[in-house]
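Q: Show me how the following folds:
(one chain, ligands or ions: 2)
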Amino acid sequence: MARHLITSAIPYINGIKHLGNLVGSQLPADLYARYLRGRGHEVLFLCATDEHGTPAELAAAKAGKPVDEYCAEMWQVQADLAHGFGLSFDHYGRSSSPQNHKLTQHFAGVLADNGLIEERAETQMYSHEDGRFLPDRYIEGTCPNCGFESARGDQCDNCTKQLDPVDLINPHSTISGSTDLEMRETKHLYLLQSKLKDEIEAWIDQQEGWPVLTTSIAKKWLHDGDGLQDRGITRDLSWGVPVKRGDEDWPGMESKVFYVWFDAPIEYIACAQEWVDAGKGDDWARWWRTDEGADDVRYTQFMGKDNVPFHTLSFPATLIGSGEPWKRVDYLKSFNYLNYDGGQFSTSRGRGVFMDQALEILPADYWRWWLLSRAPETSDSEFTWQQFQTDVNKDLADVLGNFVSRVTKFCRSKFSEAVPAGGTFGPAEEALIEELQTRLAAYEKAMDAIEVRKSATELRAMWAAGNEYLQAAAPWKVFKEDPEQAAAQIRLALNLIRIYAVLSAPFIPNASAKLLSAMNTLDTGWPSDIRDAVTALPEGHVFTVPDNLFDKITDEQRDTWAERFAGTRD
Ligand SMILES: Nc1ncnc2c1ncn2[C@@H]1O[C@H](COP(=O)(O)OP(=O)(O)OP(=O)(O)O)[C@@H](O)[C@H]1O
Ligand SMILES: [Zn+2]
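A: Numbering: from 1, shown residues only. Ligands and ions are numbered 1, 2, ... in the order given. Next up, the predicted model:
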């Protein structure tokens, strides 16, 4: 069995994530991790909070807390919400960890030794009113590339171009709003990405079958204008990884920290070290060092489109430039954006539904199913309450939930709470087994290719096939004439419940666990051979009728929620 390393883009610390963030990174990563574990592969699934940089400082100031305290608290909040959504990380780390400090300083040291870091004197925005230099997000202005008016100092959210604060047109301070800014001289470190351009491009060209979204964004920043640009990797902040050259001080850089986008992806590696240091694993190097076994690892990353440049260009520049045998990503799954009811999700404006609110109103599986089955894969997609209600009621309540309820209740009332004996499978059962076998192959193919929506479609089709069989077989009628035949039909259907539980676990892990427990089985074996799998629960096997799996969303609930989440949260 292969070994799979999976990382999700690490969520930023400055607030609770919205459903767009969730479906653009952590949730599909969890889907894939659960699927691979279900197929018997060894998986290391890592995520962490991304804690450094200006927005963390701004958020802490707003909350009236020291930034380290603020981050520690928000880490706990995010970890609890991740748990609530069933995100099955092997470790949820922190980019502010001592491991990441050390590793980031290590990379800076070797990159400098390899002639890939340069000290440059530059002019930077100084705000008189604020009495400080203004790094990236402390400045907003108009994007020189696309004209977007609220581009940040480090990146334009509209066109994804990586920016430097001095590039902005009509800049102003986001602390005071002041436009009384002056360019002053200061020194910063630059990563000479331009020197690595050919090597990075050759590496990207080797990749097969990456999503077009991924390669097109990478190619764009490799070739647009003068090509891949060198990047400033230090900032004038106090919160972050202090600039050091390995273990050594870096003269002239005493009051600076590394830029958050330099240290954040390094946390993917540091997180594996944290996982070991937390006593959950015993060897991080076999996942990350190709000289220590990581050549056998398949590494998959998940992220929204705005994160693609950093993962296809900047982080690879760090790894390639180090000249050390670090594992690089094998497949980079990127997502478009999920929009909210006619506009964008926005953390800063509090627009949309946030993870804590979602769990207040419905259990995780409702959200997981909807978000994944409508994931913004080939284009942006949109959350509306109407669509959410329609899909949840149809797929989860009418199809899967109804099947389980009818089968188990019928069996209890006509036979007992045990798999009934008697009868044999006929042509209808054979046809269903064959159909499920074909659909299972399609499901596995889509999951292996991380085609999230397609996987959901195939899974839904398997649920529907069971429902249609039941409807046509009509054991409640057959029972009157031929109870033995009805027993065979129900025996098949009860076994389907276990099969559905196993196959659906990556999407709806809580419902899956509930079904397995009702079916009174620990057998989570992947039903590769449907014909075998439909007899896994033998005649006489005792079960219980589960509570209603999914409640339908009423029109009243839909309208109440639509209204409640129409504005912005404070
Ligand atoms: N609307 C969206 N739909 C899908 N993915 C998104 C969306 N917004 C952000 N993402 C992705 O969510 C992941 C986590 O984002 P992060 O915590 O860094 O917040 P962010 O990018 O600052 O978003 P926001 O500004 O909306 O909070 C990233 O991979 C990002 O690309
Ligand atoms: Zn732009």
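Q: So what does residue 304 look like in phi/psi?
A: phi -80, psi 160 (degrees, to the nearest 10).
Q: My error: substitute residue 303 in the last question.
A: Dihedral angles for residue 303 - degrees, to the nearest 10 - are phi -170, psi 160.
Q: near ligand 2, which residues of the stretch 151-300 of the chain show up?
A: 156, 158, 159 (C-beta under 5 Å from the ion). For glycine as for every other residue, the C-beta is placed from the backbone atoms N, C-alpha and C.
Q: Most neighbours among those, please name it.
A: Within those, most neighbours by other C-beta atoms under 10 Å means residue 156, with 22 neighbours.
Q: Can you give me the neighbour number for the closest residue to that residue other than its chain neighbours?
A: Of all residues not flanking residue 156 in the chain, residue 143 sits nearest, at 4.0 Å (C-beta to C-beta, 6 or more residues apart in numbering). For residue 143, the count of nearby residues is 22 (other C-beta under 10 Å).
Q: ditto for residue 359
A: 16.
Q: Going forward, the N-terminal residue is numbered 32.
A: Happy to do that; since the first residue is 32 now, the last one works out to residue 390.
Q: Surely it is in contact with residue 112?
A: Yes. Counting by C-beta atoms under 8 Å, residue 112 is a contact partner of residue 390 at 7.1 Å.
Q: before we move on, back to that, any idea how far the residue nearest to residue 187 is from residue 339?
A: Residue 174 sits 17 Å away from residue 339, taking C-beta to C-beta, to the nearest Å as the criterion.
Q: and what of residue 205?
A: 25 Å.
Q: One more: residue 410?
A: 16 Å.
Q: who's more crowded, these two?
A: Neighbour totals were compared for residue 410 and residue 339, and residue 339 leads with 25 against 8 (other C-beta under 10 Å).
Q: residues contacting the more buried one?
A: Residues counted as contacts of residue 339 (C-beta atoms under 8 Å, 6 or more residues apart in numbering) are 191, 244, 245, 248, 249, 363, 365.
Q: what number of residues lie near the second one?
A: Taking other C-beta under 10 Å as the neighbour definition, residue 244 ends up with a count of 19.
Q: Quick check on it: phi, psi?
A: Taking degrees, to the nearest 10 as the convention, residue 244 sits at phi -60, psi -40.
Q: domain ranges for this protein?
A: 34-144+227-261+291-366, 148-222, 429-573 (the TED database).
Q: Any regions of the chain where pLDDT drops low?
A: Low-confidence segments of the chain, defined by pLDDT under 70, span residues 32, 601.
Q: if I pick the closest residue to residue 122 other than its chain neighbours, what's in contact with it?
A: Take residue 122 and drop its neighbours on the chain: the residue closest to it by C-beta to C-beta, 6+ apart is residue 306, 3.7 Å away. By C-beta under 8 Å, 6+ apart, the contact set of residue 306 is 75, 77, 121, 122, 124, 312, 315.
Q: how far away is residue 306 from residue 79?
A: Taking C-beta to C-beta, one finds residue 306 at 10 Å from residue 79.
Q: repeat for residue 581
A: Taken as C-beta to C-beta, the span from residue 581 to residue 79 is 32 Å.
Q: neighbour count winner among those two?
A: residue 79 (28 against 24).
Q: tell me the SS of that one?
A: strand (DSSP: H, G, I helix; E, B strand; the rest coil).
Q: I figured it was touching residue 130, is that so?
A: No. Counting by C-beta under 8 Å, residue 79 does not reach residue 130; the two are 10.4 Å apart.
Q: Need the residues touching each of the two.
A: 302, 305.
Q: So which residues of the stretch 182-331 of the chain form helices?
A: 224-237, 243-254, 291-308, 316-319 (DSSP state H, counting those that start in this stretch).
Q: which one of those helices is the most hemmed in?
A: Comparing the helices of the stretch 182-331 of the chain by mean neighbour count (mean count of other C-beta atoms under 10 Å), helix 291-308 comes out on top with a mean of 24.
Q: what distance separates that helix from the centre of its chain?
A: 17 Å (C-alpha atoms, centre = their mean, to the nearest Å).
Q: The residue in the stretch 332-481 of the chain that ligand 2 sits nearest to: what secondary structure?
A: Closest residue of the stretch 332-481 of the chain to ligand 2, C-beta to the ion: residue 337 (11.1 Å). Counting by three-state DSSP, the backbone at residue 337 sits in helix.
Q: can you tell me how far it sits from residue 365?
A: 9 Å.
Q: residues shared between the contacts of those two?
A: Between them, residue 337 and residue 365 share no contacting residue, judged by C-beta under 8 Å, 6+ apart.
Q: Look at these two and report which has more neighbours.
A: residue 365 (27 against 18).
Q: Am I right that the more buried one is in a strand?
A: Yes. With three-state DSSP as the criterion, residue 365 is located in a strand.
Q: Now the common contact residues for residue 306 and residue 79.
A: 122, 124.
Q: quick check, stretch 285-296 touching ligand 1?
A: No. With C-beta under 6 Å from any ligand atom as the criterion, ligand 1 is not reached by stretch 285-296; the gap is at least 9.0 Å.
Q: In CSV: the domains of the chain, plus distance to residue 281.
A: Below are the domains of the chain laid out as CSV (distance: least, C-beta to C-beta, whole Å):
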stretch, distance to residue 281
domain 34-144+227-261+291-366, 8
domain 148-222, 8
domain 429-573, 41
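Q: which of these sits most buried?
A: domain 34-144+227-261+291-366 (a mean of 20).
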